[in-house]
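**Student:** Got a predicted structure plus its sequence, pasted below:
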Amino acid sequence: MSMKGRFPILRTLQYLGQGDIVFKESVKVMTVNYNTHGELGEGARKFVFFNIPQIQYKNPWVQIMMFKNMTPTPFLRFYLDSGEQVLVDVETKSNKEIMEHIKKILGKNEETLEREEQEKKQLSHPAHFGPRKYCLRECICEVEGQESLRGFWTPHQGVAPLGGRRGDGPASIFVKGIYNPVDQSNGPSRAKSLLGKAKVGCEL
């Protein structure tokens, strides 16, 4: 697939992902005031052209607004969730110097980013099961190729399965306190009649 448009490399995921500025959660709005002419604003223009797309990609929760040719000198303004504002003068600075400065004052440090990345990997590990808030899957039966837990039945003392045949395999869902494998008179038929009154538990 051929890339079209003006400077298409700036819209590729590889380029956007190379940005190293991740703002703190307190940063909500960022405004950029710059001019299209003048030697003193060359760094600000390069910052808008090369670095703003990376910042937008890395910080989707931050609203970024551009103001062009409305100021005698270029500057950045950040609005925090506490109501405070941070002004950054970018006149005579290169785009790299601007990036380093705002990363130092408003960006997350490397230790914080590494810790968040480790936490994200732990929560997204495919072998973990639990509530959707913390894990990708709630149960092993959601994995493609796995049999439904309701299709297995292995007799347990004091528990009755919800379905399946005796000896099919390890049971995972039982009705507590209904079925006794020793007393066959109190078997699956009675278990089904008491499903509405019994507490269903899931044992992995």
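**Tutor:** Structure received. Small disclaimer: the values here were computed from a predicted structure and weren't measured.

**Student:** list the contacts for residue 104?
**Tutor:** By C-beta atoms under 8 Å, 6 or more residues apart in numbering, residue 104 lies in contact with nothing. Glycine gets a C-beta too; all of them are placed from N, C-alpha and C.

**Student:** Can you tell me the SS state at it?
**Tutor:** helix (DSSP: H, G, I helix; E, B strand; the rest coil).

**Student:** same check, this time on residue 86
**Tutor:** strand.

**Student:** which non-adjacent residue is nearest it?
**Tutor:** Using C-beta to C-beta, 6 or more residues apart in numbering and skipping residues adjacent in sequence, the residue nearest residue 86 is residue 78, 4.2 Å away.

**Student:** Model confidence at the one you found, what's the number?
**Tutor:** The model reports residue 78 with a pLDDT of 98.

**Student:** wait, is it part of a helix?
**Tutor:** No: if the criterion is three-state DSSP, then residue 78 is strand and not within a helix.

**Student:** Neighbours of it, how many?
**Tutor:** 20 (other C-beta atoms under 10 Å).

**Student:** how much space between residue 71 and residue 86?
**Tutor:** 17 Å (C-beta to C-beta, to the nearest Å).

**Student:** again, but for residue 75
**Tutor:** Distance from residue 75 to residue 86, by C-beta to C-beta: 11 Å.
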